[in-house]
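*Asks:* Provided below are the primary sequence and the corresponding predicted coordinates.
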Amino acid sequence: MEKVNGRFLASQSIKTDILIEQNNRIIELLELLLNKGTGNSPVAFCPKCGNQNISKEAEFCAECGSKLN
């Protein structure tokens, strides 16, 4: 981390890594929306918390317990 004007700032590479991670999550969610109902998605995403559940046959979210579909 760098110190600028008395504040610590994350390096550019850390910021880039965070942006890439966020973009990958957005892509996963968009693919889920595109594949909804076609059976192409190997996992189920919770509509309430966004958790990626291992089995698309799961009825309830492993993270928050909400009904998946």
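*Replies:* Alright, I've got the coordinates. Keep in mind that this is a model prediction, so the values were computed, not measured.

*Asks:* for F45, see how far away I27 is.
*Replies:* Distance, I27 to F45, by Cβ to Cβ, to the nearest Å: 12 Å. In short, each C-beta sits where N, CA and C put it, glycine included.

*Asks:* compare the two (neighbour count), which wins?
*Replies:* F45 (20 against 10; other Cβ atoms under 10 Å).

*Asks:* is that one bridged to anything, and to what?
*Replies:* Q52 (DSSP bridges).

*Asks:* for it, give me its contacts.
*Replies:* 28-29, 32, 51-53 (Cβ atoms under 8 Å, 6 or more residues apart in numbering).

*Asks:* any chance of these in CSV, with neighbour count too?
*Replies:* Below are the contacts of F45 laid out as CSV (neighbours: other Cβ atoms under 10 Å):
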residue, neighbour count
E28, 14
L29, 13
L32, 18
N51, 16
Q52, 15
N53, 17
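
*Asks:* now do the strands in the protein.
*Replies:* Ranges of strands within the chain are 2-4, 7-9, 44-45, 52-53, based on DSSP state E.
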